[in-house]
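Novice: turn this into a structure:
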Amino acid sequence: MLVVASFMVAWLLRFDFRIPRPDLLFRCIPVLILFRVATLARFGLLYGYRRNSGVTDATDIGKAVALGSLAFFVTTRYVVLRYDFPLSVYVLEAMTSAAGLGGARLWSMAFKIRRLNNSALLQKHRVIVAGAGEAASLLIHEMSKTEFIPVACLDDDCLKHGGKVHGVPIVGTMEAIGATVHSYGAEELFIAIPSANGPQMQRISRICEQASISYRTVPSLHDLLLGHRSIAQLREVGVEDLLGRNAVQLDLRQVRNQVAGKVVMITGAAGSIGSELCRQVLAYSPAKLIVLDHAETPMFYLQSQLAKQSAGNRVVYEVADVANTVRMRQILGERAVDMIFHAAAYKHVPLVELNVRNALNNNVFALPSLLDVAEKCGCEAFVLISTDKAVAPTSFMGATKRLGELILAARPKQKMRCISVRFGNVLGSQGSVIPVFREQIEKESRVTITHPEATRFFMTIPEAVSLVLQAFIVGEHGDILVLDMGSPVRILDLAHALIRHCGKSPGQVKIQFIGLRPGEKLNEELFYSTERQLPTANRKVKRTQSEIIPWPALQGHLEDLISLTSLGTEISIRAKMKEIIQEYSYQTEPIHMQNEPAEDLSSPAMGIAKPFAACAGQD
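Specialist: Here you go, the predicted model:
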């Protein structure tokens with residue numbers, strides 16, 4: 001039928017839709033059919049139209065039509081029939097035959113695919129995509145390989161409305177989530193906005209909860225840039241997303257140039273910041289990564305994690321105490337370390353208040369000796385991880401961290417570049433507020449908070465470490481660098497967000513206020529009032545400038561502290577710390593933790609809180 005139709009169309013086109021000499025036309029049709037069928041058989045094209053027809057079949061059709069047309073031309077014009085009709089008929093017939101044969105296969109393939117897809121759609125989960133940008137485009141493309149089918153996109157940019165992303169219509173703003181769920185029968189919403197900040201995520205999650213639809217999000221821009229995740233690796237929206245900040249623009253090239261081929265040591269490597277430092281530094285191809293921690297069991301788990309990374313064979317594990325000068329000299333000398341990230345420290349405020357001598361030994365006295373050993377062993381750079389609690393400290397932990405900053409700032413420069421990096425709390429660190437809150441919500445249906453107006457600066461662990469690496473690039477010797485932590489977050493708001501995230505209503509979880517514990521502040525600060533804030537090459541990192549204690553005087557203070565640690569009282573130790581750091585304030589009586597009753601301000605009646613409480617002020 002296709003061959004006859006093609007020949008008739010060619011004849012009509014040549015003779016202006018007239019049929020002169022119909023006897024000649026009908027005598028040639030059987031000959032043409034014979035050659036067409038023979039050549040199609042020669043190239044295996046007589047079988048049913050397959051769903052996977054492609055370029056190979058199109059090429060075979062072209063070959064079969066060309067060979068058949070040549071045989072038809074020679075036979076009818078020179079060999080047997082000797083019919084003399086226009087040459088254009090041969091060409092037109094070949095073109096229409098090729099188009100008809102190819103088009104029939106394409107139509108059949110499209111029909112079968114559509115039928116199979118319609119069947120598959122019944123088994124797929126219908127989802128709405130929040131966002132209509134590049135991330136949404138990539139996500140929708142990846143979803144074609146999964147059990148999900150995108151039915152609509154939403155975007156707050158009204159100029160995009162009415163358009164399509166890979167055939168998926170953009171139907172409205174985020175406020176239309178509820179109506180879109182109802183109209184399209186969607187079962188889930190995927191948030192395809194990697195750069196979404198906290199308020200944006202809060203708004204979308206609130207609307208989703210009102211529409212009773214579950215939601216997930218694509219990885220953060222940070223994870224996508226570092227290659228830790230792909231756009232299709234959706235995850236649950238975490239409380240860190242709800243309290244997040246604008247994504248930091250990272251200069252990965254400069255970090256790689258500094259770290260690649262170097263031997264890097266990370267102390268306190270098994271902690272939250274230290275372990276993330278290990279993961280990120282390892283991605284920049286160091287010659288060796290020396291991970292050091294005094295805690296054996298956490299080191300074991302870190303070893304299991306790092307072994308899964310592609311460069312895991314470059315890691316050397318050292319269980320050692322940074323205060324052991326002999327051991328540190330041995331490690332630094334044998335490993336030829338080029339740079340050190342010093343994250344080892346006692347950091348939990350209430351515990352340090354009870355153990356001031358050990359805190360001095362670990363956080364302060366170990367630092368000068370480690371610096372001397374590193375300098376003698378040819379180390380190029382030393383980075384101290386500090387904290388916002390070092391600003392006008394009310395805790396002994398904060399005071400020790402401030403003293404560490406002063407040591408690095410005052411130490412005369414030789415060959416090794418020394419800088420301090422100061423930042424606030426990190427979400428999800430060991431013993432931090434979110435894991436404690438989550439456990440309280442799940443097990444006790446309550447949350448204990450120090451004060452209703454307590455605020456803290458928060459940052460995710462990966463972002464904090466990325467900015468530490470950026471600070472390491474831009475910092476000069478003696479610099480105290482401060483990371484941009486955004487706006488402070490009320491602990492009470494954090495608790496409410498976590499309660500909603502755990503799928504509970506505010507009425508189901510009690511909120512108890514227990515009062516500030518020894519060493520804790522109501523509000524943290526990032527800068528001293530006397531410090532000047534200077535820009536750096538990275539807008540997310542500030543350099544501070546203030547009066548620094550001269551190195552000889554600071555050495556004398558440290559010697560006095562060493563003597564007091566052995567012979568003095570806790571009060572005399574704190575008084576000496578006050579002499580060094582005038583902004584340090586502390587209780588005049590020795591600290592003894594007591595289990596005191598707490599007020600339950602979340603209900604009309606006063607309640608009694610258990611002694612275990614979330615530490616709103618800890619790292």
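Novice: where does pLDDT dip in the stretch 151-300 of the chain?
Specialist: 220-252 (pLDDT under 70).
Novice: which residues of it fall in helices?
Specialist: Assigned by DSSP state H, counting those that start in this stretch, the stretch 151-300 of the chain shows helices spanning 177-184, 198-211, 221-226, 239-242, 252-259, 272-282, 296-306.
Novice: of all these, which one is nearest residue 171?
Specialist: Between residue 171 and these, the shortest gap by C-beta to C-beta is with helix 177-184, which sits at 5.9 Å. (Each C-beta comes from the backbone N, C-alpha and C, glycine too.)
Novice: what's that closest one in contact with?
Specialist: With C-beta atoms under 8 Å, 6 or more residues apart in numbering as the test, helix 177-184 has contacts from 126, 128, 130, 151-152, 154, 171-172, 186, 189, 204, 207-208, 210-211, 213.
Novice: let's see that with 10 Å instead.
Specialist: Contact partners of helix 177-184, identified using C-beta atoms under 10 Å, 6 or more residues apart in numbering, comprise 126-128, 130, 150-154, 169, 171-172, 174, 176, 186-189, 204, 206-208, 210-213, 215.
Novice: which of those residues are buried?
Specialist: The neighbour count (16 or more other C-beta atoms under 10 Å) marks 126-128, 130, 150-154, 169, 171-172, 174, 176, 186, 188-189, 204, 207-208, 211, 213, 215 as buried among those.
Novice: is residue 150 in a helix, a strand, or coil?
Specialist: Counting by DSSP: H, G, I helix; E, B strand; the rest coil, the backbone at residue 150 sits in strand.
Novice: next one: residue 382
Specialist: strand.
Novice: ditto for residue 419
Specialist: Following three-state DSSP, we place residue 419 in the strand state.
Novice: bridging residues for it?
Specialist: Note on residue 419: beta-bridge partners residue 383, judged by DSSP bridges.
Novice: where does the chain dip in pLDDT?
Specialist: Counting by pLDDT under 70, the chain contains low-confidence ranges at 47-55, 80-84, 112-123, 220-252, 428, 430-431, 503, 587-619.
Novice: next SSE after the longest helix along it?
Specialist: In the chain, with assignment by DSSP state H, the single longest helix is helix 87-121. Proceeding N to C from helix 87-121, the next assigned helix or strand is strand 125-130, under DSSP states H and E.
Novice: buried sites along stretch 495-505?
Specialist: Within stretch 495-505, the residues scored as buried using 16+ other C-beta under 10 Å are 495-501.
Novice: which among the residues you listed gets closest to residue 560?
Specialist: For those, the nearest to residue 560 is residue 495 (42.9 Å; C-beta to C-beta).
Novice: check which helix or strand the closest one maps to.
Specialist: Using DSSP H and E, residue 495 maps to helix 491-501.
Novice: run the chain-centre distance for the helix or strand just after that helix.
Specialist: The helix or strand immediately downstream of helix 491-501 is strand 510-513, counting by DSSP H and E. For strand 510-513, the gap between its own C-alpha mean and the chain's C-alpha mean amounts to 32 Å (C-alpha atoms, centre = their mean, to the nearest Å).
Novice: same question, stretch 281-295
Specialist: A distance of 21 Å separates the centroid of the chain from that of stretch 281-295, by C-alpha atoms, centre = their mean.
Novice: what's the answer for stretch 353-364, then?
Specialist: Centroid separation for stretch 353-364 versus its chain: 35 Å, with C-alpha atoms, centre = their mean.
Novice: next: stretch 269-277.
Specialist: Averaging C-alpha positions (C-alpha atoms, centre = their mean) puts stretch 269-277 17 Å from its chain's average.
Novice: now it - C-alpha only, CSV.
Specialist: Provided in CSV are the C-alpha atoms of stretch 269-277 (Å, rounded to 0.1, in the frame of the first residue of the first chain):
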residue,chain,number,x,y,z
ALA,A,269,40.0,14.8,63.8
ALA,A,270,37.3,12.6,65.3
GLY,A,271,35.1,15.5,66.4
SER,A,272,32.3,17.1,64.4
ILE,A,273,34.5,19.9,62.9
GLY,A,274,37.6,17.8,62.6
SER,A,275,35.9,14.9,60.8
GLU,A,276,34.3,17.3,58.3
LEU,A,277,37.7,18.9,57.8
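Novice: pull out the buried positions in that stretch.
Specialist: Buried residues in stretch 269-277 (16+ other C-beta under 10 Å): 269-277.
Novice: cool, stretch 375-384 as well?
Specialist: Those would be 375, 377, 379, 381-384, for stretch 375-384 by 16+ other C-beta under 10 Å.
Novice: all the helices of the stretch 501-619 of the chain, residue numbers only.
Specialist: Going by DSSP H, counting those that start in this stretch, the stretch 501-619 of the chain shows helices at 551-567, 570-580.
Novice: does anything pack onto the shortest one? Which helices or strands?
Specialist: Other helices and strands packing on helix 570-580, by 3 or more C-beta pairs under 10 Å, 6 or more residues apart in numbering; DSSP states H and E, are helix 356-360, helix 396-410, helix 551-567.
Novice: deepest of those, which one?
Specialist: Among the helices and strands packed on helix 570-580, helix 396-410 has the highest mean neighbour count (mean count of other C-beta atoms under 10 Å), at a mean of 25.
Novice: now that helix and helix 570-580, what's the angle there?
Specialist: 40 degrees (axes from the mean of the first three to the mean of the last three C-alpha atoms, to 10 degrees).
Novice: can I get helix 396-410 as CSV, trimmed to CA atoms?
Specialist: C-alpha atoms of helix 396-410 as CSV (Å, rounded to 0.1, in the frame of the first residue of the first chain):
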residue,chain,number,x,y,z
PHE,A,396,36.2,29.3,81.1
MET,A,397,36.1,27.5,77.8
GLY,A,398,35.6,30.8,76.0
ALA,A,399,38.5,32.3,78.0
THR,A,400,40.9,29.5,77.0
LYS,A,401,39.9,29.9,73.3
ARG,A,402,40.5,33.7,73.6
LEU,A,403,43.9,33.0,75.1
GLY,A,404,44.6,30.7,72.1
GLU,A,405,43.7,33.5,69.7
LEU,A,406,46.1,35.9,71.6
ILE,A,407,48.9,33.4,71.4
LEU,A,408,48.7,33.0,67.7
ALA,A,409,48.3,36.8,67.2
ALA,A,410,51.2,37.7,69.4
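Novice: tell me the helices and strands packed up against that helix.
Specialist: Against helix 396-410 (3+ C-beta pairs under 10 Å, 6+ apart) you get helix 349-354, helix 356-360, helix 366-376, strand 381-385, strand 417-422, strand 480-483, helix 551-567, helix 570-580.
Novice: picking up where we left off before, export the helices and strands packed on helix 570-580 to a markdown table and tack on distance to residue 145?
Specialist: Below are the helices and strands packed on helix 570-580 laid out as a markdown table (distance: least, C-beta to C-beta, whole Å):
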| stretch | distance to residue 145 |
| --- | --- |
| helix 356-360 | 54 |
| helix 396-410 | 49 |
| helix 551-567 | 62 |
